[in-house]
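S.K.: here is my input, please return the structure:
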Amino acid sequence: MEWEGREESSNVEDRRGMGAKVGIAAGGGGLIVLILALILNVDPQQLAQVIPQGQQQQSDTPRAKDPAEEKVAKFSKVIFHDTEVVWGKLFRDVGKKYREPKLVLYTGRTESACGLGEAAMGPFYCPGDEKVYIDLAFYQDMQRKLNAPGEFARAYVIAHEVGHHVQKLLGYSKRVDEIRRTGSKVEANHASVRLELQADYLAGVWAHHGQEQFKFLQKGDIESAMNAANQIGDDRLQKRARGVVVPDAFTHGTSQQRMRWFRAGFDSGSVSGAAQLFKLPYGDL
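M.R.: Next up, the predicted model:
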């Protein structure tokens, strides 16, 4: 992926090396929390409500900078800026203003308006403070634990979380929150799957327009993003965690669905096409 030499986002909070209270945030995209939720057959968004928070833990010792980590930090800031450019234009094209989220880089754990973020959760978006949280060690986990290497696979993850922010601005998140409050467990899970697949679709839309703007794609990049989507499908994670697949417990969609909708967003580049994720019968997703 071609990314070096482009502008970095200024909407960044670098909290690396800082501590936080013990707990778990309720945000989108947590890998280990998702696996735990699949084992327990509960909504990942509810885990924060049952895990108590502890005392503040913070180190006053300065961290030595790791050149490899600094490179992926710079990469994340550049990709985040790319999302700002693309979504800013797409919103302007329909007469709206894009409210830019913030990117938070942290180590281990950090506080958010959604509760406490843990590195084990993977990247997540918190609608309460409109921030995307990433512990950069997750990129290593993608390669070593998920078999999802590649810079564009990392860009897909960032774009997916920014997609959750776009969903908030477009009103989809509010719709799902209402279903979670008033619907059954199965209805809530189905709504969550729609939301997550739509975030994959929006990540594809970003990649479509980002390629037009920045020409950042190289051979194999789309395939690496598709592979990442495949590796984090509910069916694949359930099989790994429980040995069986329980469709009624899905919250993010199957591997095939996640790949399908990322690809659909990339091929079409249509923001309005995201509406079909909430119009199609659930069985047709």
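S.K.: which residues of the stretch 51-200 of the chain score low on pLDDT?
M.R.: Applying pLDDT under 70 to the stretch 51-200 of the chain flags the ranges 51-64.
S.K.: where do the helices sit along it?
M.R.: Remark: helices assigned in the stretch 51-200 of the chain by DSSP state H, counting those that start in this stretch are 67-93, 137-144, 151-170, 172-182, 185-214.
S.K.: who are the contact partners of residue 92?
M.R.: Contact analysis of residue 92 by C-beta atoms under 8 Å, 6 or more residues apart in numbering lists residue 98. Glycine gets a C-beta too; all of them are placed from N, C-alpha and C.
S.K.: tell me, how many residues neighbour the closest residue to residue 169 other than its chain neighbours?
M.R.: Using C-beta to C-beta, 6 or more residues apart in numbering and skipping the chain neighbours, the partner closest in space to residue 169 is residue 99 (6.3 Å). Number of residues near residue 99 (other C-beta atoms under 10 Å) recorded here: 12.
S.K.: same check, this time on residue 73
M.R.: For residue 73, the neighbour count with other C-beta under 10 Å is 20.
S.K.: which residues sit in contact with it?
M.R.: Per C-beta under 8 Å, 6+ apart, neighbours of residue 73: 14, 16, 105, 136.
S.K.: rewinding a little: would TSV of the helices of the stretch 51-200 of the chain with distance to residue 279 be doable?
M.R.: As requested, the helices of the stretch 51-200 of the chain are exported to TSV (distance: least, C-beta to C-beta, whole Å):
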stretch	distance to residue 279
helix 67-93	20
helix 137-144	32
helix 151-170	14
helix 172-182	12
helix 185-214	10
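S.K.: residue 257 is nearest to which of those?
M.R.: helix 185-214 (5.7 Å; C-beta to C-beta).
S.K.: tell me how far stretch 156-173 is from the chain's mean position?
M.R.: Centroid separation between stretch 156-173 and its chain, computed with C-alpha atoms, centre = their mean, to the nearest Å, is 8 Å.
S.K.: need the residues that contact that stretch.
M.R.: 28-29, 76, 79-80, 83, 87, 91, 98-99, 101, 122-125, 127, 130, 132, 134, 138, 142, 174, 195, 198-203, 206-207, 224-225, 228-229, 262, 274, 278.
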